[in-house]
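**Student:** I would like to see how this sequence folds:
(one chain, ligands or ions: 2)
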Amino acid sequence: MVATVPVAVAALLAAASPASAGTIGSAGAGDPYFPLAGNGGYHVVHYDLKLHYDPETEHLDGTAVLTARATQRLTRFDLDLDGLKVTGLTVDHVKAGYRRDGQELVVTPRTALPGGREFRVTVTYSGRPGPVTDPDGSLDGWIPTSDGAFVAGEPQGAMTWFPANGHPEDKSSYDFAITVPEGTTAVANGVYLGSRTAGGRTTFRWSQPEPMAAYLATATVGKFQVQQYTTRDGLKVFNAVDPREASAAARVLKKLPSVLEWESKLFGPYPFRAAGAIVDHAPKVGYALETQGRPLYDSAPSVSTLVHESAHQWFGDSVSLTRWKDIWLNEGFATYAEWLYAEQHGGPSAQKTFDDLYARRAGDSLWAFPPGDPGSGENIFAAPVYNRGAMTLHELRRAVGDPVFFRILRAWAACHRHGHGTTGQFTALAKRISGRNLDGLFHTWLYGRGKPDRP
Ligand code: TRP
Ligand code: ZN
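**Tutor:** Ligands and ions are numbered 1, 2, ... in the order given. Purely as a prediction, here's the structure:
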């Protein structure tokens, strides 16, 4: 029996028979924080998601068509899917074998896929989706609300509503067609293509042409007030607001075009062709998410939260993580955007914000771990990632001066636009552009244990 073979021996046996070992896509993308997130052996080029959701019964019917490319010969590969019942699965229109193993949907195509081949996987599924609980205790994924669902997938919730290659390392374009009862609105990412009502149901169609990580996909459903307009820069804005949040949200959402314009001046051109906001009423969620092109708020946001989620469009959405350990590249940057906005709009200077944080005593949770090494998935949304991450950028700014600092931010957004970045690539870029040896600064602020010495 396999179970009686020691692990090391099993590895040797596997290595000795490459015919089987080399053709199976791995169950994860290799990220130690979320070992089963994503999958190996293929890249998803495009997701076509057709969903029917009934808020009354909380029942979801889905058909997902994934266009993928094999990065190796594949006799078997995995998708991520948590819960729900799979009712059919084909690869290139031929019925394929499949089984469920926790969050892994293990697919065995009738014939092996050659490396480099583009192939199409069609999965039909249904059930009553619900969120996953993250290592830090928060809910993520398909979160039913009183009138629909709040759908936010960071870091691992995409698999609660569609079969996914659920790691930001893999980015894809998306199309959505979401059918809900007439009078209810379904809002996804990207460009709104229109809706059609028949037989008491309305189908909303959306297209997200620029590459997107699965965790940034949404299909949020509810009774929403909708507002659409085009900005001076030609950006298509679609806002959906829960009427219970409408009066509090209006004043803040009015600022969206000016916030995006201000950020475009600092960070370079806005990376997507669509924009907007989804303001839901979902008190049990407790956070907002930078869903691509159209951030999702659990209640009317403050201006600084609007600035934060908007900044993520450059840092996190367009420039994606390669591994969750580098999460400060998302949260530190979005937090620093809040500080910069305050500084330039009548609030405290970034230096004052830095000083107030630095004044916290050595035992404060701010210093619990360094932002460049959170240690586990449990810590990726904790204070050191956000605040000390932003403090790192502030120290960089002080060291190189404003012109060079903003040149670095713009180069980062431009060089990795619609792609990926790592902490090592960022520090190398900062050193190259400034012509300075910044090793000590980054070592102290990104990796030093405890409260750094006074800068
Ligand atoms: N990325 C979000 C933000 O800061 C926060 C977030 C997403 C989050 N998912 C979460 C925070 C889960 C806590 C738990 O904009
Ligand atoms: Zn954030």
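**Student:** So the residue of the stretch 351-455 of the chain found nearest ligand 1 versus Arg120, what's the distance?
**Tutor:** Using C-beta to the nearest ligand atom, Phe381 is the residue of the stretch 351-455 of the chain that sits closest to ligand 1, at 3.7 Å. For glycine as for every other residue, the C-beta is placed from the backbone atoms N, C-alpha and C. To Arg120, Phe381 is 36 Å away according to C-beta to C-beta, to the nearest Å.
**Student:** how about the residues of the stretch 301-450 of the chain near ligand 2?
**Tutor:** By the rule C-beta under 5 Å from the ion, the part of the stretch 301-450 of the chain lying against ligand 2 is 331, 334.
**Student:** ranges for the helices of the stretch 301-450 of the chain?
**Tutor:** Using DSSP state H, counting those that start in this stretch, the helices of the stretch 301-450 of the chain run over 303-311, 328-344, 350-358, 383, 389-400, 402-415, 423-434, 439-442.
**Student:** on that earlier part again, could you report the neighbour count for the residue of the stretch 351-455 of the chain closest to ligand 1?
**Tutor:** Counted with other C-beta atoms under 10 Å, the neighbours of Phe381 add up to 18.
**Student:** Could you double-check that it sits in contact with Trp328?
**Tutor:** No. The pair Phe381 and Trp328 does not pass the contact test of C-beta atoms under 8 Å, sitting 11.1 Å apart.
**Student:** What separation is there between the closest residue to Pro374 other than its chain neighbours and Val252?
**Tutor:** Nearest residue to Pro374 in three dimensions, chain neighbours excluded: Ile380, at 5.6 Å (C-beta to C-beta, 6 or more residues apart in numbering). Applying C-beta to C-beta, the value for Ile380 to Val252 is 26 Å.
**Student:** Looking at these two, which has the bigger crowd around it?
**Tutor:** Per other C-beta under 10 Å, whichever of Ile380 and Val252 has more neighbours is Ile380, with 24 against 20.
**Student:** Now do the more buried one, the pLDDT please.
**Tutor:** For Ile380, the pLDDT comes out at 98.
**Student:** Could you pull up the residues touching it?
**Tutor:** The neighbours of Ile380, taking C-beta atoms under 8 Å, 6 or more residues apart in numbering as the test, are 33, 136, 155, 324, 327, 374.
**Student:** Could I have the buried ones of the residues you listed as PyMOL selection syntax?
**Tutor:** Applying 16 or more other C-beta atoms under 10 Å to these, the buried members can be selected in PyMOL as follows:
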select buried, resi 33+155+324+327+374
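**Student:** Mind picking the lowest-pLDDT entry from the contacts of Ile380?
**Tutor:** Among those, Asp136 has the lowest pLDDT, at 92.
**Student:** got the contact list for it?
**Tutor:** Per C-beta under 8 Å, 6+ apart, neighbours of Asp136: 377-382.
**Student:** Can you give me the neighbour number for Ala411?
**Tutor:** 16.
**Student:** my guess is it meets Leu429, correct?
**Tutor:** Yes. Counting by C-beta under 8 Å, Ala411 sits close enough to Leu429 to count as a contact (6.0 Å).
**Student:** where along the stretch 151-300 of the chain do the helices fall?
**Tutor:** Under DSSP H, counting those that start in this stretch, the stretch 151-300 of the chain gives helices at 246-253, 256-267.
**Student:** Kindly apply the preceding question to the stretch 1-150 of the chain instead.
**Tutor:** Using DSSP H, counting those that start in this stretch, helices in the stretch 1-150 of the chain cover 7-16, 18-21.
**Student:** hey, least reliable of the ones you listed by pLDDT?
**Tutor:** Among the helices of the stretch 1-150 of the chain, helix 7-16 carries the lowest mean pLDDT (a mean of 42).
**Student:** on that earlier part again, relative to ligand 1, which of the contacts of Ile380 is nearest.
**Tutor:** For the contacts of Ile380, the closest approach to ligand 1 (C-beta to the nearest ligand atom) belongs to Asp136, at 5.8 Å.
**Student:** What distance do you get for the closest one to Ala112?
**Tutor:** 40 Å.
**Student:** gap between the two ends of stretch 257-276?
**Tutor:** Using C-alpha to C-alpha, to the nearest Å, the gap from the first to the last residue of stretch 257-276 comes to 9 Å.
**Student:** Just the buried positions in it, please.
**Tutor:** Buried residues in stretch 257-276 (16+ other C-beta under 10 Å): 257, 259-260, 262-263, 266-268, 270-272, 274-276.
**Student:** got the contact list for that stretch?
**Tutor:** Contacts for stretch 257-276 (C-beta under 8 Å, 6+ apart): 189-192, 209-210, 231-233, 235-240, 256, 292-294, 303, 306-307, 310-311, 313-315, 317-318, 337, 340-341, 344, 406, 409-410, 413-414, 417-418.
**Student:** Beta-bridge partners for Gly419, please?
**Tutor:** Beta bridges link Gly419 to Val319 when assigned by DSSP bridges.
**Student:** The residue of the stretch 101-250 of the chain at minimum distance from ligand 1: what's it in contact with?
**Tutor:** Of all residues in the stretch 101-250 of the chain, Ser138 sits closest to ligand 1, at 3.5 Å by C-beta to the nearest ligand atom. Ser138 is in contact with 286-287, 381, counting by C-beta under 8 Å, 6+ apart.
**Student:** okay, it: pLDDT?
**Tutor:** Note for Ser138: predicted pLDDT of 95.
**Student:** Get me the contact residues on the chain for ligand 1.
**Tutor:** 134, 136, 138, 140, 154, 287-290, 308-309, 331, 381 (C-beta under 6 Å from any ligand atom).
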